[in-house]
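Asker: Provided below are the primary sequence and the corresponding predicted coordinates.
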Amino acid sequence: MNRLIERKIAENVYRLKAPKKNLCTDTTAKVPSSNPGQPGQVHQHDIAIVGGGMVGMALACSLASMLLTKHLSVAIIDSNPALFNGVGVKKEGTPDPRVSTVTPATISFFKDIGAWKYVEDNRHAYFDKMQVWDYTGLGYTRYNARDVNKDVLGCVVENRVLHSSLLSCIQSTDFPKTIYPSKLMTLHQNSSSMGVGSTSSASPSCERGHPVKLDLSDGSSLCAKLVVGADGSKSRVRELAGFKTTGWNYSQSAIICTVEHSVENHCAWQRFLPAGPIALLPVGDNFSNIVWTMNPKEAADRKVMNEGDFLKDVNYALDYGYGPHPRSSTLGNGGIFSWLKPDVTLSANESFEVPPKVVKLASERMAFPLSLMHANNYASKHVVLIGDAAHTVHPLAGQGVNLGFGDASSLSRVIAEGIAVGTDIGEVSLLKKYEAERKLENIAMMAVLDGIQKAYSVDFGPLNILRAAAFHGANYISPLKRSIISYASGEQRLPIFS
Amino acid sequence: MASKLPNQLRALYASTTRHRLLSPRFPNLNEVFRDLLLGSNGRLFSDAPSPPQVSFSPSTPVPPPSGPNTSAPSSLNQKELVEFFASAETWWDSEGPFRPLHAMNPTRLAFIRSTLCRHFGRDPCSPRAFEGLKFVDVGWCGGILSEPLARMGATVTGVDAVEKNIKIARLHADLDPLTSTIEYCCTTAEKLVEEQRNFDAVISLEVCSPSQVIEHVADPAEFCKSLAALTVANGATVISTINRSMRAYATAIVAAEYILHWLPKGTHQWSSFLTSDELVLILQRASISVKEMAGFAYNPLTGRWSLSDDISVNFIAYGTKTTSE
């Protein structure tokens, strides 16, 4: 009885004392409470994942796979109908142009959460060789998985296959998840841990212990202890929670499409051209995926030009266009690196190859503007960002979604560790542990990618020679090559110090 | 009555000296610490004589624990509640003045979890590993330890002799249904023994500062006997304190109080620290055999604490009650 009085007084005092922080950006904030359609109860969950894309679903699967977290009640908010209805991916037919290169570290993450077996049931393409060169013809580098005693350098999988595998994985467990086919409108948070209840008595409030209230576009609401923003580069969660970002637009756009060859392709090719790199990635069967970065005007032109001309441009860009082939050197002509003879890697013996000719365009062409973005903080009280919501990078090394999967893996582990010692999962000190771990790695990777992008965007004699020297060095200095491969594969977490 | 007068004079002298030691640069912090550490009438966790505060000889009857401003829990007034909320905010703000304590908490909990799961044969991968066990947390700090233990499934009783601390902890624990089952008692370990309460595990870790109870208690031996009496046969006891070593002087007193200003100056008296051997001996005399000890190491670069084998500064000991008692 006394406690009840105390709590009532506490509520009143707090309502007077502390203004609630209303994290809504539009004036329709009051709409949910006056919406006649949903008068009912507000669902309570432990974690609300806003965004059910690849990274959001990977987090959900990861939580479902660990003993310490599989009891958590998770809400996934995404208006994509595929989530609610289940996704069936045709195994035949041409590959979708939206693909991702999955690194070995991500492959082992998927195996841990039990989703990789679903990927292997669908089309996927492992590759074990990679060749990188530029238009100057002064140097090239070949990488082989055998250089680091592995079987594969990575695997190229369509995004819809990854997504449906994660969905199948989570549906095969009895994880207490609820999917809300809706969009997030507003986020209400009690501005301090001591406040109880919500401001308006008209709308149903959250139970004790679930301090964040999410209002959705279909009028329903839910409450959670932790909100995870996995809703992509234009993240609503990031906007509502007030995270500041740093970044800039690259004055480049990327064209992606699927093409066909007359032979199978098992190697990943990337050639740096004056306007940006063109990459040819094997997707399976005789198909490959093209990611061609160029300035926006050319991108707009190439997107609409007729097929024949486009294919001619592609072959030109991959082959003799813009500059000669690099001179491939056998071991004897290793030049100044010939003293490294005993220690060279397998791929240093391989000579330069020309990529397979593209014979047919197999899908529509899509164009996307490219930019770099990084949120200054990933975590604040009860809110955390993962994936593209926290960072976007240039596609030149195929790392973007792999950073996102790394975030999901790290966050789920930090949550499990917190639950093991009884911490409240929305506690900011716990979330900051995740941030500290991932921020360093993400920033390091972004710095490397941005550096490469800037280095290749300038056509200047001495810089070209420097780049050629870098190619030669990476090709012939084995420790450097091994280091590059293991960093790009996700096995090594920081470029220098691990 | 006559025996109390010299004690009270001594207390008066001691308290003025203490005030002089407290740094004038951080008046608010010291206010907070002094209030929380000493309470309204300056009593700590044990009824045993405790310098420099008002001391009682064990034979005199103990006055009621509540301070002069609160005779009954229901007589709270608005103003007090607002004050409590303000203090509670500070206590529970993990980036605030109690930051080192919050940073150390998960590390201590990790030790408690691993040793107690092993002792009671529980599965450490279960989120509610301590379901069905009764724990008592003696001399805590606003519930910072009690709440995680409750989330891990234990039935927790939190004990502190300072009424204000109890109230703050109660208010915070009521925010989450998982922690609102914690029973907070404004009492002392000895009183609980008199009430013949028994617990599966007795945990005595700290005061409201990243330091521990035992060095603030006058008679550690008596205190340990009380803790042992509260433990059931084959139960567990976890005690944490600071070692009386040169390194501890350099770290816990010079660095923590004078350089980093984590604690107000004078919080610790080096002479009242116990070495690990002394603690083991005291516990043995109280029929608790110490099974494991671990130290806490602080990494200033990451700002994180971790468990280590080095028990020369902060250390934590886990012991079991031998059945001969």
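Answerer: Thanks, I have it. The structure presented is a predicted model; accordingly, all values stated were derived computationally and were not measured.

Asker: quick check: the gap between residue A:72 and chain B.
Answerer: Distance, residue A:72 to chain B, by Cβ to the nearest Cβ, to the nearest Å: 9 Å. The way it works is simple: take the backbone N, C-alpha and C, and place the C-beta from them, glycine included.

Asker: and the stretch 201-325 of chain B, which residues reach chain A?
Answerer: The stretch 201-325 of chain B comes close to chain A at residues residue B:302, as judged by Cβ under 8 Å from any Cβ of the partner chain.

Asker: helix or strand for the residue of the stretch 201-325 of chain B found nearest chain A, which one?
Answerer: In the stretch 201-325 of chain B, no residue comes nearer to chain A than residue B:302, which is 7.2 Å away by Cβ to the nearest Cβ. Under the criterion DSSP states H and E, no helix or strand holds residue B:302.

Asker: so what's it up against?
Answerer: residue A:436 (Cβ atoms under 8 Å, 6 or more residues apart in numbering or on different chains).

Asker: same question, the one 10 residues further on
Answerer: Each residue near residue B:312 by Cβ under 8 Å, 6+ apart is listed here: B:243, B:245, B:247-248, B:295.

Asker: got a quick PyMOL command for the buried subset of the residues you listed?
Answerer: If you want just the buried ones from those in PyMOL, going by 16 or more other Cβ atoms under 10 Å in any protein chain shown, the selection is:
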select buried, chain B and resi 243+245+248+295
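
Asker: in chain A, what residue comes closest to chain B?
Answerer: Here chain A gets closest to chain B at one residue, residue A:422, 2.9 Å apart by Cβ to the nearest Cβ.

Asker: so that residue belongs to a strand, correct?
Answerer: No - under DSSP: H, G, I helix; E, B strand; the rest coil, residue A:422 falls outside any strand and is assigned coil.

Asker: tally of neighbours for it?
Answerer: When neighbours are defined as other Cβ atoms under 10 Å in any protein chain shown, residue A:422 has 27 of them.

Asker: what residues are up against it?
Answerer: Contact partners of residue A:422, counting by Cβ under 8 Å, 6+ apart, are B:109, B:147-152.

Asker: state the distance from residue B:162 to chain A.
Answerer: Residue B:162 is 18 Å from chain A, by Cβ to the nearest Cβ.

Asker: what's around that residue, how many residues?
Answerer: 26.

Asker: count of neighbours near residue 305?
Answerer: Went with chain A since none was named. 13.

Asker: my bad, the chain I had in mind was chain B
Answerer: With other Cβ under 10 Å as criterion, residue B:305 counts 20.

Asker: same check, this time on the one 3 residues further on
Answerer: Look at residue B:308: counted by other Cβ under 10 Å, it has 16 neighbours.

Asker: one more: residue A:420?
Answerer: Residue A:420 has 24 nearby residues by other Cβ under 10 Å.

Asker: quick one: pLDDT of residue 15?
Answerer: Let's take chain A. At residue A:15, the model reports a pLDDT of 48.

Asker: sorry, I should have been clearer: chain B.
Answerer: 47.

Asker: which of the contacts of residue A:422 lies closest to chain A?
Answerer: So of the contacts of residue A:422, ranked by how close each gets to chain A (Cβ to the nearest Cβ), first place is residue B:148, at 2.9 Å.
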